Each structure stands twice: as C-alpha cells, then as structure tokens.
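Asker: sequence and predicted structure below; questions after.
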Amino acid sequence: MALSLAPPRAPPRGSVIRNLYTTTYPHPVARLQNLLTSTGNNNNNDDMDDPDHTKTSSYESHNLQSRFLQLLQDGNHLIRHSVHPHLPSSLSLPDQLIRFIGRTLPLEWQHTHRDNGTFRRVADGMVKLTCPLIGLSNLRLTHEFLKLSSTKRRRRIRYGHHHAMQYIDLFLPQHDDIHQKMKSNNSSNDNGNKVPVRGTLFFVHGGAWGSGHPWMYRLVAPAFLARNFAVAIVGYRTYPDAADIDVQVDDLRLAFDALDTVLNECVVPVADDIMDRKAAGTCDDNDKGWVGNIIMGHSSGAHIALLLLVDMLSERMKSSSSSQLAEKQCNQYPWSLPHYFVGLSGPYDISNHFDFEAGRGVEQISPMKPICGHTRLNFDRASPAKRLLTHMTSFREQIDASDLTNATIQEMSPPMLLVHGIEDSTVPFTATSDAARKLKSCGMTDISEIYLEKTEHQDVVMHFMMGGSAMDAVFDWLREQRRHQHMIGRDGGRNVKLHSRL
C-alpha cells in the first residue's frame with residue numbers, strides 16, 4: 001500500500017481519492033457523500049418514482065451515483081479513518097513558496113534566473129545562512145568543522161581544466177596506533193611514510209545538479225576518518241557551468257583518476273589478515289583490516305555517481321571479456337577500482353522525477369530539465385539503468401548476450417546499497433525501489449535496499465554528520481559485506497536484499 005501510494009504514484013492533489021486518504025474527518029465516506037450529493041441534488045429523478053422518499057436502499061434506484069454511494073456505505077469498514085502517513089494533507093512551506101513563485105513569475109523569468117546562476121546563488125546562500133544556526137546548536141560539530149578546515153587536515157587537489165569548481169578536499173586519518181603498526185610491518189620497504197587506510201570514500205554531494213560545494217559536506221568525513229578511511233569530497237561543475245549531465249560525469253571521472261594518482265603517493269592499504277584471524281578464531285566485527293573503495297553520493301550526487309559507475313562498466317565491457325577482466329582486476333592497484341557503491345536518496349529515473357517535480361511545481365526553475373536535455377529521450381539517456389541497458393545492447397555483437405547478463409555484469413559491478421527515507425518529499429522513496437528493480441533486470445543482482453522511517457531528504461546525509469540511522473545502516477552493511485566476502489566470494493549469485501527500519 002505504501003509503495004502504491006507514494007509519489008509519483010500518489011492520487012493527484014485535489015482528487016476525490018486523495019481526499020479520502022488525507023481527510024481528518026472521522027468518517028471520510030460521509031465527506032465523499034456530501035461532495036457527490038451536493039452535485040446531484042439538482043437532478044434527482046428518483047423523486048418522480050417515490051415522492052415520499054420511502055425507499056431505504058439506493059440499490060432500488062438505477063441512478064449510478066446512488067449505487068456508488070451504497071457501495072461506499074457497505075465498504076465503510078474497509079477504509080481507515082486516519083490520515084495516510086505518506087500523503088500530507090497540506091503542502092510544506094517550501095513547496096508553497098515555490099508554487100507561489102511559479103504562479104507569479106513569468107516562465108521566461110524563471111528560465112533566465114535558472115540559466116544565469118541565480119538559482120545556485122540562492123540555494124547556496126540559504127545553506128550559508130543555516131550553517132551558523134547549526135553551529136550554535138552543536139558546538140562539537142563546530143569544533144570538528146574548524147579542525148577539518150585546517151590545512152593540516154585538508155589537502156586541496158585540483159583536477160581537469162582547473163575550473164574553480166573542479167577540486168577535491170582530501171582528508172586522511174590520524175591515529176598513532178595504526179601508524180606504529182604499519183611502520184613496524186613495513187620497516188623493510190618504502191611504505192613507512194605513507195598513511196595506512198582501510199579504504200577510501202569518494203563522496204559526491206547533491207544540490208539539484210545546480211548548487212552545492214564540498215565544504216558544505218565536510219562533516220561527512222569524521223565518521224569515516226574514525227574508521228581509518230581516507231575521505232575525498234568531490235567538487236564538480238554545476239549548472240549552468242556544466243551544460244549537460246555528461247560534463248558532470250566527466251568531471252567525476254577526472255576527479256577519480258586524479259585521486260588515484262594522489263593516493264598512490266600518500267596512502268597504503270592496511271594488511272588484510274582476516275583469513276589468518278579466522279583460522280585462529282579471533283575474527284570479529286571490530287577488525288581493522290582492508291575494506292575497499294566506496295563511491296557514495298547524495299540526492300543528485302547519487303544520480304551522477306551511478307552514471308559514473310555505469311560508464312566505468314561500459315569501459316570494461318569494451319576492453320575485456322569476463323575472463324580477462326577477472327585477471328585484470330586481480331592485478332590492479334586498489335585505488336583504481338570501486339569496491340562498493342552507496343546511493344543516498346537519489347533520483348535515478350529522470351523522466352519519472354521530472355513528473356514528480358512537475359507535481360511540486362518546480363520543473364521549470366529546477367536545473368534538472370536543462371542539464372538532462374529537455375526531452376524525454378534525453379531523460380532516458382541520463383537515467384543510469386537505461387544507459388546501462390543501451391551499453392549492453394550496443395555490445396551484444398561483441399559479447400554473447402547470455403554471458404553478458406549472467407556473468408560479466410555481475411563480475412564487474414560492485415555490491416550496491418541504496419538508502420532512502422520514507423518521508424522524503426523531495427525525491428520519493430519509490431525512486432530507489434524502481435532503480436533496484438531495473439538494475440537487477442540488467443544483471444546487477446548484488447543490490448541492497450534500506451528504507452528509514454521518519455527520515456526526510458536531508459536527514460539521510462545529516463545522519464553522517466550528526467549520527468543517525470542512515471550512518472549506522474551503511475556501516476552495518478559494510479561490516480556484513482566484509483564478513484561474507486571471503487565466505488561466499490564475488491560469484492554474482494546474491495539476490496537483492498530489502499531492509500526496512502520501520
């Protein structure tokens with residue numbers, strides 16, 4: 001029921017069916033009866049047959065409206081008298097403001113302010129205004145943010161054409177105990193001066209494709225730094241500096257390659273002695289061994305990051321068969337390959353999300369429409385699952401179709417986790433369920449889904465900054481992946497896992 005009623009499948013606002021689910025009256029059927037009978041009193045043909053109104057059943061009349069009302073009365077016990085949790089009875093204040101702007105400003109003005117960067121300045125300005133309020137309410141976060149802002153903790157990496165938005169903020173863990181362990185283990189090689197890490201986080205921020213900066217998401221880093229991960233928060237060109245979605249994907253690829261070069265110089269993976277500790281019976285969930293490289297994105301960042309992963313899979317399909325790929329992966333240095341993908345509250349089907357944005361009244365002022373190509377055909381090209389299907393179709397002549405879907409895609413694609421808040425009014429949680437279903441049909445079967453109760457759009461990423469269920473769910477999933485990676489292997493045989501923290 002929740003999936004069928006969640007946006008964009010919800011009944012249209014103002015419709016009779018939606019009123020049934022959102023009304024606060026104790027008997028919504030009575031409200032519907034009043035709505036219907038108020039329109040039918042002027043044309044009541046039943047009075048001619050029964051002027052004294054002695055009939056007790058509407059079924060005795062052939063009037064279609066009367067029959068419908070009687071059916072509602074008989075099925076009254078099947079209708080709940082409470083407001084549906086995922087269908088708010090009134091618009092939120094931001095939605096009301098945006099709809100007011102859409103009704104007031106001419107369409108040409110909306111497009112002008114969207115295309116000249118006014119949208120980005122307003123969105124970024126709102127974040128700058130709210131950050132001091134968050135800092136005053138939580139001094140610990142303020143202290144952590146200031147520490148991360150120090151040049152001693154943060155390394156700025158430029159990439160690409162050195163556009164002002166093309167940079168990476170890299171943070172490395174600082175723990176004396178693990179440094180001493182690595183120095184003792186590597187006393188005979190040149191790794192003693194490198195920072196040991198359990199993996200890397202390649203984080204792609206959101207911002208509706210047209211706003212956002214890495215510093216706004218800097219507090220995502222501490223949770224991973226505390227677990228000995230290197231954290232790279234990626235900046236990329238947003239609309240209108242990025243003319244289309246492929247420019248943003250190319251920026252991420254350039255950033256990923258630039259990060260690979262830097263990591264080779266300054267970090268080293270910790271020794272993964274999990275097999276030895278299993279044999280000794282000392283393996284537990286608190287081990288400090290190698291985990292892997294994680295690509296994670298939030299909102300529009302999750303969409304762009306998944307497109308990056310799809311393009312990486314396409315490149316591997318071009319260059320290698322499944323057997324060649326397996327050998328190549330074993331010989332590659334660990335920084336050049338993503339081992340996990342985590343998507344947070346992402347809109348993965350652009351055509352569906354455009355319909356949802358139209359329902360909110362933001363489709364004209366949102367950068368999504370121009371950056372994804374304006375047309376439904378281009379929306380499909382900008383949707384990760386449909387892009388992957390296009391790549392698979394184009395390579396059908398090079399690779400046998402059965403091998404491509406049953407072996408190659410499964411071997412190439414990393415385990416994926418898609419997290420979404422049930423109460424998300426910016427991107428409906430059905431975007432995640434639809435994406436998992438479509439990607440699985442393409443052969444990417446190692447996908448887990450987690451849906452969080454009482455969690456809205458920004459709450460998911462805020463959980464990584466301030467602690468919360470989304471962060472706990474991701475680390476629990478990574479721990480589970482690590483626990484089973486040596487037992488079941490990467491044979492592509494795992495099915496989609498669905499979890500709900502309700």
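Answerer: Right, received. Where do you want to start?

Asker: low-confidence ranges, the stretch 101-250 of the chain, go.
Answerer: Judged against pLDDT under 70, the low-scoring parts of the stretch 101-250 of the chain cover residues 175-192.

Asker: now the strands for it?
Answerer: 154-158, 167-171, 195-197, 199-204, 229-234 (DSSP state E, counting those that start in this stretch).

Asker: V262 is nearest to which of those?
Answerer: strand 154-158 (5.7 Å; CB to CB). (Each C-beta comes from the backbone N, C-alpha and C, glycine too.)

Asker: pull the CA atoms of that closest one into CSV?
Answerer: C-alpha atoms of strand 154-158 as CSV (Å, rounded to 0.1, in the frame of the first residue of the first chain):
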residue,chain,number,x,y,z
ARG,A,154,42.7,19.0,4.5
ARG,A,155,44.5,18.7,1.2
ARG,A,156,43.1,20.5,-1.8
ILE,A,157,43.5,18.6,-5.1
ARG,A,158,42.9,20.4,-8.4
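
Asker: list the strands paired with that strand, with their directions.
Answerer: Take DSSP bridges as the rule and strand 154-158 pairs in its sheet with strand 167-171 (antiparallel).

Asker: alpha carbons only: can I get the strand it pairs with in PDB?
Answerer: Taking Å, rounded to 0.1, in the frame of the first residue of the first chain, the C-alpha atoms of strand 167-171 are listed here in PDB:
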ATOM      1  CA  TYR A 167      38.700  20.300  -6.900                       C
ATOM      2  CA  ILE A 168      38.800  17.600  -4.200                       C
ATOM      3  CA  ASP A 169      39.000  18.000  -0.500                       C
ATOM      4  CA  LEU A 170      41.100  15.000   0.700                       C
ATOM      5  CA  PHE A 171      41.200  14.100   4.400                       C
END
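
Asker: which residues sit against it?
Answerer: Residues from elsewhere that reach strand 167-171 (CB atoms under 8 Å, 6 or more residues apart in numbering): 148, 153-159, 214-215, 218, 221, 225, 230-235, 255, 258-259, 262.

Asker: sorry, back to before: just send the strands of the stretch 101-250 of the chain back as a markdown table, with mean neighbour count too.
Answerer: Formatted as a markdown table, the strands of the stretch 101-250 of the chain follow (neighbours: other CB atoms under 10 Å):
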| stretch | mean neighbour count |
| --- | --- |
| strand 154-158 | 15 |
| strand 167-171 | 22 |
| strand 195-197 | 24 |
| strand 199-204 | 26 |
| strand 229-234 | 26 |
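
Asker: out of the ones you listed, which is closest to L308?
Answerer: Per CB to CB, nearest to L308 of the strands of the stretch 101-250 of the chain: strand 199-204, 8.0 Å.

Asker: and the closest one, what other elements does it pack with?
Answerer: strand 229-234, helix 245-266, strand 292-298, helix 300-319 (3 or more CB pairs under 8 Å, 6 or more residues apart in numbering; DSSP states H and E).

Asker: change it to 6 Å
Answerer: strand 229-234, strand 292-298, helix 300-319 (3 or more CB pairs under 6 Å, 6 or more residues apart in numbering; DSSP states H and E).

Asker: so where's the stretch 251-400 of the chain shaky on pLDDT?
Answerer: Checking the stretch 251-400 of the chain against pLDDT under 70 turns up 272-287, 320-336, 396-400.

Asker: leaving out the residues flanking it, which one is nearest to A305?
Answerer: The shortest distance from A305 to any non-neighbouring residue, by CB to CB, 6 or more residues apart in numbering, is to G297 (3.5 Å).

Asker: residues near that neighbour, how many?
Answerer: 28 (other CB atoms under 10 Å).

Asker: isn't it right up against F203?
Answerer: No: using CB atoms under 6 Å, G297 makes no contact with F203, being 7.1 Å away.

Asker: I'd like the strands of the stretch 101-250 of the chain written out as TSV, with distance to V342 added.
Answerer: Shown next, in TSV, are the strands of the stretch 101-250 of the chain (distance: least, CB to CB, whole Å):
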stretch	distance to V342
strand 154-158	22
strand 167-171	18
strand 195-197	17
strand 199-204	9
strand 229-234	12
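
Asker: among those strands, which is nearest S314?
Answerer: Using CB to CB and comparing the strands of the stretch 101-250 of the chain, the one that lies nearest S314 is strand 199-204, at 18.5 Å.

Asker: partner strands of the closest one and their direction?
Answerer: Strand 199-204 is paired, per DSSP bridges, with strand 229-234 (parallel), strand 292-298 (parallel).

Asker: I'd like to know which of those is closest to R114.
Answerer: It's strand 292-298; of these, that one is closest to R114 (CB to CB) at 21.6 Å.

Asker: so what touches the closest one?
Answerer: Residues from elsewhere that reach strand 292-298 (CB atoms under 6 Å, 6 or more residues apart in numbering): 199-204, 206, 305, 338-342, 344, 461.

Asker: between those, which sits nearest L133?
Answerer: Taking CB to CB as the measure, L133 lies nearest V461 of the contacts of strand 292-298, at 17.1 Å.

Asker: tell me the secondary structure of the closest one, please.
Answerer: Per DSSP: H, G, I helix; E, B strand; the rest coil, the local secondary structure of V461 is helix.

Asker: which residues touch it?
Answerer: Per CB under 6 Å, 6+ apart, neighbours of V461: H298.
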